[in-house]
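In: Sequence and predicted structure, then a few things I'm wondering about:
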Number of protein chains: 2
Amino acid sequence: MARLPVYLRTLLDVQTDGVTTVSSERLAELAGVNAAKVRKDLSYLGSFGTRGVGYDVDHLLVQMSRELGLTRDWPVAIVGVGNLGAALANYGGFGDRGFPVAALIDADPTKVGTTFGGHTIRHLDDLPALVDELGIAIGIIATPAAGAQEVADRLVAAGVTSILNFAPAVVTVPEQATLRKVDLALELQVLSFYGQRDSIGSALREELGVAAAAKNSGA
Amino acid sequence: MARLPVYLRTLLDVQTDGVTTVSSERLAELAGVNAAKVRKDLSYLGSFGTRGVGYDVDHLLVQMSRELGLTRDWPVAIVGVGNLGAALANYGGFGDRGFPVAALIDADPTKVGTTFGGHTIRHLDDLPALVDELGIAIGIIATPAAGAQEVADRLVAAGVTSILNFAPAVVTVPEQATLRKVDLALELQVLSFYGQRDSIGSALREELGVAAAAKNSGA
DNA sequence: GGCACATTGTGAACAAGAGAACAAGGTCGG
DNA sequence: CCGACCTTGTTCTCTTGTTCACAATGTGCC
């Protein structure tokens, strides 16, 4: 379930506020979803709520962290140290949350060996060794679109079965692996789609208003 | 439909290869989806295919660009010039695709006035003026979680109705606005969830195998 | 100790989305 | 000009996910 992390974050927030129990309704409000959905999602992990009272925040956090596999660190390798890869490597938000950047990888020989953000950039060919050595669990693809599929194949071959793809390309992986994608251009295009609809909406309202009037007067 | 941009990119690829017509089946294969879904999605924009032949790539691209509102540029404002915001500002992938970064905005007085990547950072209070002046159509929230909701409110108040939220927080906007979110930590947590399941899978197989054997021998 | 109240957990209706199958319609070869 | 073939557009079915509603159940008060 992709909603568990949202609940987790919400629970951490209320925990910080000193709250010890929370009802499904309150949690739903804070997480921006339906209360029934919250209860169903939580019941999927087992029954940890007390009827009449709600859920114990600490207990729920423990269970949820365990379910999400957040009781350990998951070392991440970033493949492709271009603009985006460098940005992600610099972005501190990963390590804080249990996903330390353990390796930077590129295929460009002029980049390999240089240091960036405390990491020496390694060559893509070293991937299997790095996986063994550092226990890489997750691979982030930040290459141009053209190289994405090959990188994914190599990651899987090296034993990395969790992949996050930032490249604007369709990538497929064998069933044993998990692939998620973040496509920034796609998000913007979807926004532009809605923006477009809204703006032509206002423009068309007049025109259609006129057309409708004409049609009415015509009929 | 969030799949249109994927089709668009795929069509651009095949166009580059000199292909002039494409069947729904081929398009589906390249886009990684079902052929029936492709036909249904495309028919939603009107009937542009020719039976027995397929879709004309150029024609489809024109129609699709229009539908997605990509016939014009959509100036983007990035709010929050921390690690992530700076990374996004540096990332060239936006401008190329019709989403030029028109403004960098922050609330921190020590950042306001400094220049980054060719843009002078402006204060959040200037937002309405910037929207008028530069025609900002899309706002990107790259602030810490705590400030995200306020920024969203201000964006909407200034007339920006398309918002992309990178902050790890639940943000709500009025119905007239469109909000999409990209949550990097969430993506990693989902991956860790699957990774966890797989690894406990192998660990549990033994244990459950033992347990099952014990149960069998006991019965 | 029992009763009213609050809240969970779940079953059942409902809506949305995906996939398969088929009819309509156009193209190309003869 | 006609027929075989190919591909679209659409309908129908099925699955999946969401929401509603209610019974089960624990808590605190009297």
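Out: Looks like it came in fine.
In: quick one: contacts of stretch A:117-131?
Out: Stretch A:117-131 has contacts (Cβ atoms under 8 Å, 6 or more residues apart in numbering or on different chains) with A:77, A:79, A:81, A:86, A:89-90, A:101-107, A:109, A:111-115, A:136, A:151, A:154-155, A:157-160. Bear in mind the C-beta positions are built from the backbone N, C-alpha and C, glycine included.
In: Let me see the mean pLDDT of it.
Out: In this model, stretch A:117-131 has a mean pLDDT of 95.
In: just stretch A:82-99 next, same as before
Out: 86.
In: swap in stretch A:157-173?
Out: On average, the pLDDT along stretch A:157-173 is 95.
In: Next, the contact list for residue A:99, please.
Out: Counted by Cβ under 8 Å, 6+ apart, residue A:99 has contacts A:73-76, A:138, B:185, B:188, B:192.
In: can those go into TSV with extra columns for pLDDT?
Out: Listed next are these as TSV, based on pLDDT from 0 to 100:
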residue	pLDDT
A:73	92
A:74	94
A:75	95
A:76	96
A:138	96
B:185	89
B:188	94
B:192	92
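In: Select only the buried ones of those in ChimeraX?
Out: Buried residues within the contacts of residue A:99, by 16 or more other Cβ atoms under 10 Å in any protein chain shown, are selected in ChimeraX with:
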select /A:74,75,76,138 /B:185,188,192
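In: re earlier: tell me the buried residues within the contacts of stretch A:117-131.
Out: A:77, A:79, A:81, A:86, A:89, A:101-107, A:111-112, A:136, A:151, A:154-155, A:158, A:160.
In: ok, which of the residues you listed also contact chain B?
Out: residue A:86 (Cβ under 8 Å from any Cβ of the partner chain).
In: From the buried ones among the contacts of stretch A:117-131, which land in helices?
Out: A:86, A:89, A:151, A:154-155 (DSSP state H).
In: ok, of these, which one's closest to DNA strand D?
Out: Distance to DNA strand D across these (Cβ to the nearest atom of the strand) is lowest for residue A:155, with 25.5 Å.
In: Nearest residue to that closest one in space, please, no chain neighbours.
Out: Taking Cβ to Cβ, 6 or more residues apart in numbering or on different chains, and ignoring the residues beside it in sequence, residue A:155 has residue A:139 as its nearest neighbour in space, at 4.1 Å.
In: Show me the contact partners of the helix or strand containing that neighbour.
Out: Using DSSP states H and E, residue A:139 falls within strand A:138-141. Residues outside strand A:138-141 that contact it (Cβ under 8 Å, 6+ apart): A:74-80, A:85, A:88, A:99, A:148, A:151-152, A:155, A:160, A:162-167, A:171, B:188, B:191-192, B:195.
In: and if we set it to 6 Å?
Out: A:74, A:76-79, A:148, A:151, A:155, A:160, A:162-165, A:167, B:191 (Cβ atoms under 6 Å, 6 or more residues apart in numbering or on different chains).
In: Just name the closest of those residues to DNA strand D, please.
Out: Of the contacts of strand A:138-141, the one sitting nearest to DNA strand D (Cβ to the nearest atom of the strand) turns out to be residue B:191, at 17.3 Å.
In: Does stretch A:53-60 reach DNA strand C?
Out: Yes. Using Cβ under 7 Å from any atom of the strand, we find that stretch A:53-60 touches DNA strand C at A:53-55.
In: so how far is that stretch off the chain centroid?
Out: Stretch A:53-60 sits 26 Å away from the centroid of its parent chain (Cα atoms, centre = their mean, to the nearest Å).
In: Please apply the same query to stretch A:110-118.
Out: That offset, for stretch A:110-118, works out to 26 Å (Cα atoms, centre = their mean).
In: End to end on that stretch, go ahead and measure it.
Out: From its first residue to its last, stretch A:110-118 covers 18 Å (Cα to Cα, to the nearest Å).
In: Give me every residue in chain A lying close to DNA strand D.
Out: A:33-34, A:36-37, A:39-40, A:50-53.
In: Buried only: go through these for me.
Out: Members of the residues of chain A next to DNA strand D classed as buried by 16+ other Cβ under 10 Å are A:33, A:39.
In: residues in chain A within reach of chain B, list them.
Out: With Cβ under 6 Å from any Cβ of the partner chain as the criterion, chain A meets chain B at residues A:2, A:5, A:32, A:68-69, A:74, A:83-84, A:87, A:90-92, A:97, A:99, A:137-138, A:162, A:164, A:170, A:178, A:180, A:182, A:185-196.
In: Residue A:81 is in contact with residue A:106, correct?
Out: Yes. Between residue A:106 and residue A:81 there is a contact at 4.8 Å, judged by Cβ atoms under 6 Å.
In: Show me what counts as buried in the one helix or strand residue A:130 maps to.
Out: Using DSSP H and E, residue A:130 maps to helix A:127-134. Buried residues in helix A:127-134, counted by 16+ other Cβ under 10 Å: A:127, A:130-131.
In: And for stretch A:163-176?
Out: Of all the residues in stretch A:163-176, those buried under the rule 16+ other Cβ under 10 Å are A:163-171, A:173.
In: what are the pairing partners of the strand holding residue A:139, and which direction each?
Out: Applying DSSP bridges, strand A:138-141 is found paired with strand A:76-79 (parallel), strand A:162-165 (parallel).
In: In contact with residue A:160, which residues?
Out: Neighbouring residues of residue A:160 by Cβ under 6 Å, 6+ apart: A:136, A:139.
In: can we see that at 8 Å?
Out: Residue A:160 touches A:77, A:131, A:136-139, A:177, counting by Cβ under 8 Å, 6+ apart.
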